[in-house]
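S.K.: structure for the following, please:
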Amino acid sequence: MAKRSPEEIRASIEENRTELGASLERLRDEVTELTDWRAQVRRNREPLAVAAVATGFVLGGGIAGLGGIVFGGRRRGRTRRAKRAAAAGQSA
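M.R.: As a prediction, this is how the structure comes out:
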């Protein structure tokens, strides 16, 4: 490896510093673009709308299903009333 003069070393350092500055500027621009959620929404409006509808459908069905389990469905209510009526008829 050949020895470099101090001027060559300084020039190399300055060149590296310039390249690093340009790389940091590109990185800053990319990070700004990737973290701009409003721009992401604008670019992906249709898929996000479909996902929102699907999520609402699943959550609505899930809540309705859970309500049926917790509060009993109509069928279960009819069965209880029928059993009560039959029990009342037998004891009378």
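
S.K.: alpha carbons only for contacts and neighbour counts from here, please
M.R.: Noted.

S.K.: tell me where the model's unsure across this structure.
M.R.: 1, 73-80, 90-92 (pLDDT under 70).

S.K.: helices of that one, start to end?
M.R.: 6-34, 37-43, 45-71, 74-91 (DSSP state H).

S.K.: can you point out the buried residues in the first one?
M.R.: Going by neighbour count (16 or more other CA atoms under 10 Å), nothing in helix 6-34 comes out as buried.

S.K.: list the contacts of stretch 46-53.
M.R.: Val41 (CA atoms under 8 Å, 6 or more residues apart in numbering).

S.K.: how does it look with 10 Å?
M.R.: 40-42, 45, 54-59 (CA atoms under 10 Å, 6 or more residues apart in numbering).

S.K.: cool, stretch 18-26 as well?
M.R.: Residues outside stretch 18-26 that contact it (CA under 10 Å, 6+ apart) are 12-17, 27-32.

S.K.: dump those residues into TSV; add distance to Val50 as well.
M.R.: Output for the contacts of stretch 18-26, formatted as TSV (distance: CA to CA, whole Å):
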residue	distance to Val50
Ser12	54
Ile13	52
Glu14	52
Glu15	50
Asn16	48
Arg17	47
Leu27	32
Arg28	32
Asp29	30
Glu30	27
Val31	27
Thr32	26
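
S.K.: from the residues you listed, which two are the most distant?
M.R.: Farthest pair in these (CA to CA) is Ser12 and Thr32. Separation: 30.1 Å.

S.K.: buried ones among the contacts of stretch 46-53?
M.R.: Among the contacts of stretch 46-53, none counts as buried (16+ other CA under 10 Å).

S.K.: closest one of the residues you listed to Phe71?
M.R.: Once CA to CA is applied, the member of the contacts of stretch 46-53 that ends up nearest Phe71 is Leu59, at 17.6 Å.

S.K.: residues contacting that closest one?
M.R.: Taking CA under 10 Å, 6+ apart, one finds 53, 65 in contact with Leu59.

S.K.: count the residues that sit near Gly65.
M.R.: 14 (other CA atoms under 10 Å).

S.K.: do the same with Val53
M.R.: By other CA under 10 Å, 12 other residues sit near Val53.
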